[in-house]
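A.B. asks: Fold the following for me, if possible:
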Amino acid sequence: MIRYGNPGLEGGEGRVRTIRCLVGCVIALGAVRAGAQGGVAGVVYDSLSSRAPLANAIVVLVELSRYATTDSHGRFRIDSVPDGRYTLGFTHAVLDSIDLEAPLVPVEIAGGHRASVTLATPSVATVYGHLCAGPRDDDTGVIIGRVVDVDTRKGLGGAGVSTEWTEYTIAGGRSATQRLRAAARTNASGVYLLCGVPTRVPLDVITELTGFRAGPKAPAPDGRLIRRVDLALSLQDGAARVASVGDSSQAVPAAHGTATLRGTVVSSDGRPLHDAVVGILGTLDSARTNAAGAFVIEHLPAGTRTVEVRSIGWLREIASMDFPTNGVRDTTLSITRKAQALSPVAVEGTRSNAWMELSGFDARRKQGLGAFVTADEIAQHNYPDVTSILRGTKGIRVECLANKRLQGVPCYPIPLMMGISDFSRADCVPNFFVDGAQVIVDGAGPPSKSPFSDFSNMVPPASIRGMEIYSNPGTIPAQFDRTSTTGCGSIVIWTH
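C.D. replies: Sure thing, here's the model as predicted:
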């Protein structure tokens with residue numbers, strides 16, 4: 001057998017991988033001629049993660065212990081190889097992370113020519129069967145990763161890792177919902193594996209160990225079989241014990257962490273953004289940027305947290321980062337996606353909104369799975385703001401929700417729902433979407449202005465073409481379902 005080193009899931013800790021020669025390997029060695037010199041070249045393809053040529057794979061010509069590393073296009077080349085029969089294999093971090101070896105491929109070089117070979121990772125069925133028990137359902141995969149101590153970077157064994165989602169079924173004109181959960185414990189090295197998780201649904205992965213929590217961290221819902229989510233826990237910061245890992249309305253105001261986030265928010269062209277709101281999911285702390293785009297947020301719980309940036313006229317951006325205990329994290333946050341401004345369109349006859357129509361607004365309205373408000377209904381009542389439209393809508397009540405951290409501060413009216421995942425909650429702030437993009441709204445605003453009032457001013461009733469209100473489990477379309485993190489329903493607004 002041939003042994004060679006390659007870094008695996010443990011990061012910088014190299015581990016020895018083994019490639020075993022095929023039957024007849026010794027005979028093949030004897031068939032090598034010292035005369036003609038050829039070579040082998042080809043491409044390594046990844047069908048598991050990137051679904052594209054695989055860069056930085058180490059290709060080995062086993063019998064001669066010759067190596068080559070693939071370029072950004074997955075290409076490799078090994079020259080000056082005597083004629084003979086050989087075996088090619090390769091390794092890569094995507095395989096090391098799941099302790100899997102790529103199949104070996106025989107290759108023959110004759111007449112001093114260069115042989116062309118295509119190498120690929122194992123099939124989806126092979127990999128899933130290697131990792132998980134039982135059959136694989138369509139559009140499901142695995143999440144793999146490592147949980148470490150945020151300060152020492154050592155793997156944490158025994159940490160719980162989990163994610164939740166809602167599964168919907170419609171049969172016979174009736175809908176049903178089921179709350180599903182995938183959970184696992186890390187091994188001694190801190191490695192975990194979640195099987196059977198949906199690959200095209202937004203998910204939030206969280207971790208917990210002896211009461212300390214971190215997360216959420218969201219893998220991209222890109223349909224890939226294998227996605228990686230690494231998390232870091234602080235076992236020293238007391239605020240990490242009570243930190244919420246989802247809805248900020250569940251955060252404990254008295255919890256003061258040891259970490260600090262400071263930085264700058266810039267637009268896609270590098271200019272600083274003034275008055276952008278930067279917050280940490282699971283906390284009540286946020287800050288607005290100054291004229292230079294700078295901000296500082298103190299007393300954050302250490303560990304992996306998700307930072308969100310909101311600015312009127314821009315789509316919300318989120319980023320996950322690790323905060324050390326008693327440390328300061330400096331960063332530059334860039335908002336790269338500007339909210340799309342629709343050009344005025346003159347239409348004769350029935351007015352319409354392409355986004356609204358393409359999203360299936362009318363189809364959902366006919367199914368009656370939620371409450372719906374049309375532009376005609378809004379025009380008939382001459383509503384002054386979004387709050388007035390929602391007041392009295394089925395499943396919604398409007399209350400004054402005072403700031404949880406400031407005493408003597410006047411409250412501000414905001415639409416509220418009953419909790420969906422926790423029916424004992426009566427103060428759920430809905431998840432808001434405008435033209436398909438989520439807008440984060442928190443009812444606990446600063447003394448001078450509530451974030452919901454910002455949102456309400458941003459969406460005047462005259463600009464609204466339709467509204468969808470989902471306050472019951474089993475009715476929320478998957479693209480608007482954020483119950484895994486907030487436990488609340490959703491309000492979807494479509495504009496001109």
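A.B. asks: pLDDT value on residue 304, please?
C.D. replies: pLDDT, residue 304: 95.
A.B. asks: ugh, wrong one, residue 339
C.D. replies: For residue 339, pLDDT reads 58.
A.B. asks: ok, now the one 3 residues further on?
C.D. replies: Among the per-residue scores, residue 342 shows a pLDDT of 55.
A.B. asks: how far away is residue 414 from residue 218?
C.D. replies: According to CB to CB, to the nearest Å, residue 414 and residue 218 sit 25 Å apart. From N, CA and C alone the C-beta is placed, and that goes for glycine too.
A.B. asks: Looking at those two, which has the bigger crowd around it?
C.D. replies: residue 414 (26 against 19; other CB atoms under 10 Å).
A.B. asks: Quick check: which element contains the more buried one?
C.D. replies: Per DSSP states H and E: residue 414 is located in strand 412-416.
A.B. asks: List the contacts of residue 92.
C.D. replies: Contacts for residue 92 (CB atoms under 8 Å, 6 or more residues apart in numbering) come out as 44, 46, 54, 56, 57, 58, 102, 121.
A.B. asks: Buried ones among those residues?
C.D. replies: 44, 46, 54, 57, 58, 102, 121 (16 or more other CB atoms under 10 Å).
A.B. asks: Next, the third one: phi, psi?
C.D. replies: Dihedral pair for residue 54: phi -100, psi 110, per degrees, to the nearest 10.
A.B. asks: can you tell me how far the residue nearest to it when sequence neighbours are not counted sits from residue 56?
C.D. replies: Once flanking residues are discounted, residue 54 sits nearest to residue 46: 3.9 Å by CB to CB, 6 or more residues apart in numbering. Here the criterion is CB to CB. By it, residue 46 lies 11 Å from residue 56.
A.B. asks: Helices of the protein, start to end?
C.D. replies: 25-30, 93-96, 124-131, 239-242, 354-358, 361-367, 375-381, 386-390, 451-458, 483-486 (DSSP state H).
A.B. asks: Which of those helices sits closest to residue 115?
C.D. replies: Closest approach to residue 115 among the helices of the chain is made by helix 25-30 (13.9 Å; CB to CB).
A.B. asks: what is the mean pLDDT for that closest one?
C.D. replies: 40.
A.B. asks: Helix 451-458 and the strand holding residue 414, what's the angle between them?
C.D. replies: Angle, strand 412-416 to helix 451-458, by axes from the mean of the first three to the mean of the last three CA atoms, to 10 degrees: 90 degrees.
A.B. asks: Counting by contacts, list what strand 412-416 packs against.
C.D. replies: helix 386-390, strand 397-401, helix 451-458 (3 or more CB pairs under 8 Å, 6 or more residues apart in numbering; DSSP states H and E).
A.B. asks: Looking at those, spot the one closest to residue 201.
C.D. replies: Nearest to residue 201, of these and by CB to CB, is helix 451-458 at 25.2 Å.
A.B. asks: Contacts only, for residue 302.
C.D. replies: 150-151, 234, 236-237, 239-240, 257-259, 323-327.
A.B. asks: Against residue 257, how distant is the nearest residue in space to it that is not next to it in sequence?
C.D. replies: Spatially, and ignoring its direct neighbours in sequence, residue 302 is nearest to residue 234 (3.5 Å; CB to CB, 6+ apart). As judged by CB to CB, residue 234 and residue 257 stand 8 Å apart.
A.B. asks: Show me which of those two is the more surrounded one.
C.D. replies: Between residue 234 and residue 257, counted using other CB under 10 Å, the more crowded position is residue 234 (29 against 25).
A.B. asks: thought residue 466 was touching residue 371?
C.D. replies: No. Under the criterion of CB atoms under 8 Å, residue 466 makes no contact with residue 371, lying 11.5 Å away.
A.B. asks: okay, the two: which has more neighbours?
C.D. replies: Neighbour count, other CB under 10 Å: between residue 466 and residue 371, residue 466 has more, with 23 against 19.
A.B. asks: Which residue is the nearest non-sequential neighbour of the more buried one?
C.D. replies: Residue 466 sits nearest to residue 494 (CB to CB, 6+ apart), 4.5 Å away.
A.B. asks: how about low-confidence regions in this structure?
C.D. replies: 1-36, 49-50, 97, 170-175, 243-255, 337-359, 401-412, 421-426, 442-451 (pLDDT under 70).
A.B. asks: how does it divide into domains?
C.D. replies: 2-122, 132-233, 253-339, 354-495 (automatic domain parsing).
A.B. asks: what's the first-to-last distance across the second one?
C.D. replies: Taking CA to CA, to the nearest Å, the first and last residues of domain 132-233 lie 26 Å apart.
A.B. asks: Verify the stated contact: residue 400 with residue 416.
C.D. replies: No. With contacts counted by CB under 8 Å, residue 400 stays clear of residue 416, the gap being 10.2 Å.
A.B. asks: if you count what's nearby, which of these two comes out ahead?
C.D. replies: Shown here are residue 400 and residue 416; by other CB under 10 Å, residue 416 has more neighbours (20 against 11).
A.B. asks: Contacts only, for residue 330.
C.D. replies: Going by CB under 8 Å, 6+ apart, residue 330 touches 262, 263.
A.B. asks: scratch that, residue 469 is what I was asking about
C.D. replies: 370-373, 390, 393-396, 430, 489-492.
A.B. asks: how does it look with 10 Å?
C.D. replies: Residues near residue 469 by CB atoms under 10 Å, 6 or more residues apart in numbering: 370-373, 389-390, 393-396, 415, 417, 430, 475, 489-493.
A.B. asks: where's it relative to residue 396, distance?
C.D. replies: Taking CB to CB, one finds residue 469 at 6 Å from residue 396.
A.B. asks: what touches both of those two?
C.D. replies: 371, 389, 390, 415, 417, 430, 489, 491.
A.B. asks: Among those, which pair sits farthest apart?
C.D. replies: 389 and 489 (16.0 Å).
A.B. asks: Need the phi and psi values for residue 157.
C.D. replies: phi -80, psi 150.
A.B. asks: so how many other residues sit close to the closest residue to it other than its chain neighbours?
C.D. replies: Counting by CB to CB, 6+ apart, residue 188 is the residue found nearest to residue 157 once chain neighbours are left out, at 4.3 Å. For residue 188, the tally of surrounding residues (other CB under 10 Å) stands at 9.
A.B. asks: Nearest residue to residue 306 in space, please, no chain neighbours.
C.D. replies: Distance criterion CB to CB, 6+ apart; nearest residue to residue 306, sequence neighbours excluded, is residue 281 at 4.4 Å.
A.B. asks: what separates the one you found from residue 136, distance-wise?
C.D. replies: From residue 281 to residue 136 the distance is 31 Å (CB to CB).
A.B. asks: out of these two, which sits in the busier spot?
C.D. replies: Neighbours were counted for residue 281 and for residue 136 using other CB under 10 Å; residue 281 has more, 25 against 18.
A.B. asks: Can you pull the phi/psi pair for the more buried one?
C.D. replies: Taking degrees, to the nearest 10, you get phi -60, psi 140 for the backbone angles of residue 281.
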